[in-house]
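> Give me coordinates for this.
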Amino acid sequence: MLVETDSFKFNDEQIKVIKAFCGTLIAKLDDLETEALLKTKASVIKKHPSKVLEFSKFDLSENEDFIEVLTDRLVKSFPQDKLVQINLILNFFARSSTSLLLTGCFKPFYELDRKQREVVLQKWTKSFKFYRNLYSNLTILFNVIYWMNFDRYFETIGYPGPDPEANGEKFVSKINLFPTYEFIQVPPEGLELQFDVIVIGSGAGGGVVSAQLAKAGYKVLVIEKGKYYHQNELSLKQAESLNNLYESGGFLFNEDKNMFIHSASTFGGGTTVNFCASLKLQHFVREEWAAQGLTHFLSDEFHKSIEAVEKRMSVSSDAIIHNENNKILIEGCKKFGYHYSNIPQNTAGSHHQCGWCLFGCKYGEKQGSLMTWLRDARDAGAKFIDNCYVENILIKNKKAVGVKAISNGNQILIHSKKVIVSCGALHSPALLMRSGLKNANIGKNLYLHPLTMVTGFFPDREVNPYSGSMMTSVSDVVENVDGDHYGAKIETATFHPLYHVAFIPWNSALNHKQRMLQINHLSPMLIISRDKNPGRITIDSNGRPRIHYSISNHDSKSIVEGMIAGINILISAGAKTVTTAQFSIEEFEPAEKDPFNDPGYKQYIENVRKIGVEENTSHLGSAHQMGTCKMGINPKTSVVNPKGKVWEIDNLYVADSSVFPTSAGVNPMVRYLFIEPFTTYKGLTLYNNF
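Predicted structure coming up:
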């Protein structure tokens, strides 16, 4: 059973340390700094000079509510052993002897003045991995938690908060587009049920499978550990949305704590919160998988399945209207001579100019699972349970015969003839391991599409990177930089304040506030790599998945080449400064004339390559997880066979991105394309012997 801690508290000394960090990261500026802040190149300076002045005096250490919010976030997001580590680190900062090791000063961290504390953090960025890790964790934790939870200065920085159109005619005209679902309620005394097939997970894989089986006449139950939200329940607020729709409230990290991982935990899975990007699985990936014995990826049936999926999801490029951020990518690619193309959208012919769709599609335009496959399953008679955590699969005589689960604290026992695991690449292997499966390949082969950002500053252009269509353009210019197609794609990202502070390194209190005032002039390029070297998933004593993943030298180089291409795109499009997510490299101001032949540019690029993104030198993230229940033709090297059946247990299948043999290299649409072949054309034959 998943166990959460509800008794975590800070002592007085630890609170002093926390407040000292608050008063370092988002601090009251002195007179000279305030003068510099008021000279920041940003349109909000002229719009709200008095508010900017007030912002300059704001000190996070004086916000008493922040401590409570921070504690709540830690408890919801981190397992017990990590909370113990946090306690220990805070104690080190509170004592003179141990603070010396961390700060170089023989006094508690909170007794240093603000300038001294800034110097400590700045030195960490160029120090050993342990200190870089401290810098990364503390700056992300404090800054992200503040800017996603507190809206006091949203107007000051020019950020509107939730979509301004969410309460207008645009929403009212579409208010009934979301289908409604009825969910089985489990009474306090528990419940026992019987179905033909249990599908665990309601995302891309679970949605497709449940629809096909229900339409074939089988009695299907779909179990989702997250909650269903109708469109009129979506607030589009940063904190509330992450709490409701994402794993660990959006604060999920690898064990090294150097990668910020987004994974959905809601009805519809990742299809509810993705960016509408609907790229096809590329030919070189299909050829690579076919070479491993999975020949159906080169078959006519697979091609037909692609067409069927795209038709059901209404995928098209026809209605695309690029926002300013995507226009900048295209302009920069044109001027520099890079490849670019549109990204098809699953928006049913709608222009879908909504930068808040990662918080759920308020307008019902994105054709995710709950709008398509799950609706089909519902119409064909499938049943649903949300807020239901599957503790383990019931196995008898090496056959799956049901599941044991818990919903809102109430036990439920469900018997079935088949069990299909579609929990995603983090939770599918965890469930198999909790259920006693012994295949050593379970949990291995984890791919994350590690990503980072490079950001350009356009002082004379209102980019508003959180608004408009989110991800409608891509450059593949470095996708084959190594010669075997394990490179990177350059796309765009919606840039709400929490992502702004997660990927633009903190440099000083002044620089932080300047950067926040410039958010409407920033254009982020998203560098997404096709990682070649995998990590793995294990489980802790509570059955919770743990993510073991470190960037390899190969994948670091791929990301860096993507970063350099992103820098070139931004400079070509007219950026006055560019910034990477690397901790120890300050923003770069390109020359006005012939910038790419300028010695300063060449030195900057050399530094970007030298620092790289390995060993915790840069903020990194992941929005796609794959590969931990690998599909293959040999049980010694894989978890499931080419039809998705688990090798060691009968009547048990996996149908989600965890079966990918390698990293896919494209956005979430590929999950549909992968599952559909054996569900639509082959998979139903698996279920004829009920």
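> and Asn568, that's in a helix?
Yes. Under DSSP: H, G, I helix; E, B strand; the rest coil, Asn568 falls within a helix.
> How about it, nearest residue that isn't a chain neighbour?
Phe336 (5.2 Å; CB to CB, 6 or more residues apart in numbering). Every residue, glycine included, has its C-beta placed from N, CA and C.
> The one you found and Asn342, how far apart?
From Phe336 across to Asn342, the span is 18 Å (CB to CB, to the nearest Å).
> go on, Ile539?
41 Å.
> quick one: which of those two has more around it?
Set side by side, Ile539 and Asn342 show more neighbours around Ile539, with 18 against 15, by other CB atoms under 10 Å.
> That one and Ser435 touch, don't they?
No. Using CB atoms under 8 Å as the test, Ile539 is too far from Ser435 to be in contact (10.9 Å).
> okay but Gly250 is in contact with Glu240, surely?
No. Between Gly250 and Glu240 there is no contact under CB under 8 Å: 10.7 Å.
> More neighbours: which of the two?
A direct count of neighbours by other CB under 10 Å for Gly250 and Glu240 places Gly250 higher, at 25 against 16.
> wait, what's in contact with that one?
Met148, Leu242, Asn243, His262, Leu498 (CB atoms under 8 Å, 6 or more residues apart in numbering).
> From Asn244, how far out is it?
From Gly250 to Asn244 the distance is 10 Å (CB to CB).
> how far out from the middle of the chain is the host helix or strand of Lys123?
Using DSSP states H and E, Lys123 maps to helix 114-124. Relative to its parent chain, helix 114-124 has a centroid offset of 30 Å by CA atoms, centre = their mean, to the nearest Å.
> who does the helix or strand harbouring Cys22 touch, helix- and strand-wise?
If you go by DSSP H and E, Cys22 is part of helix 12-25. Applying 3 or more CB pairs under 8 Å, 6 or more residues apart in numbering; DSSP states H and E, one finds that helix 12-25 contacts helix 64-77, helix 80-94, helix 114-124, helix 129-149, helix 509-517.
> on that earlier part again, in a markdown table: the contacts of Gly250, plus neighbour count, secondary structure and distance to Leu510.
Formatted as a markdown table, these follow (neighbours: other CB atoms under 10 Å; DSSP: H, G, I helix; E, B strand; the rest coil; distance: CB to CB, whole Å):
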| residue | neighbour count | secondary structure | distance to Leu510 |
| --- | --- | --- | --- |
| Met148 | 26 | helix | 22 |
| Leu242 | 24 | helix | 28 |
| Asn243 | 20 | helix | 31 |
| His262 | 23 | coil | 30 |
| Leu498 | 22 | helix | 21 |
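> Now do the same contact list for the residue nearest to Lys19 when sequence neighbours are not counted.
Spatial nearest neighbour of Lys19, chain neighbours left out: Ser61 (4.2 Å); criterion: CB to CB, 6+ apart. Residues near Ser61 by CB under 8 Å, 6+ apart: Lys19, Ala20, Cys22, Gly23, Ala27.
> Return the set of buried residues in the strand or helix carrying Thr156.
Using DSSP H and E, Thr156 falls within helix 154-157. Judged by neighbour count using 16 or more other CB atoms under 10 Å, the buried positions of helix 154-157 are Thr156, Ile157.
> can you check stretch 610-630 too?
In stretch 610-630, counting by 16+ other CB under 10 Å, buried: 611-630.
> same thing with stretch 277-284?
Ala277, Ser278, Leu279, Lys280, Leu281, Gln282.
> Equivalent analysis for stretch 279-298, please.
Leu279, Lys280, Leu281, Gln282, Val285, Arg286, Glu288, Trp289, Gln292, Leu294, His296, Phe297.
> For the second one, what are phi and psi?
Backbone geometry at Lys280, expressed as degrees, to the nearest 10, gives phi -80, psi 150.
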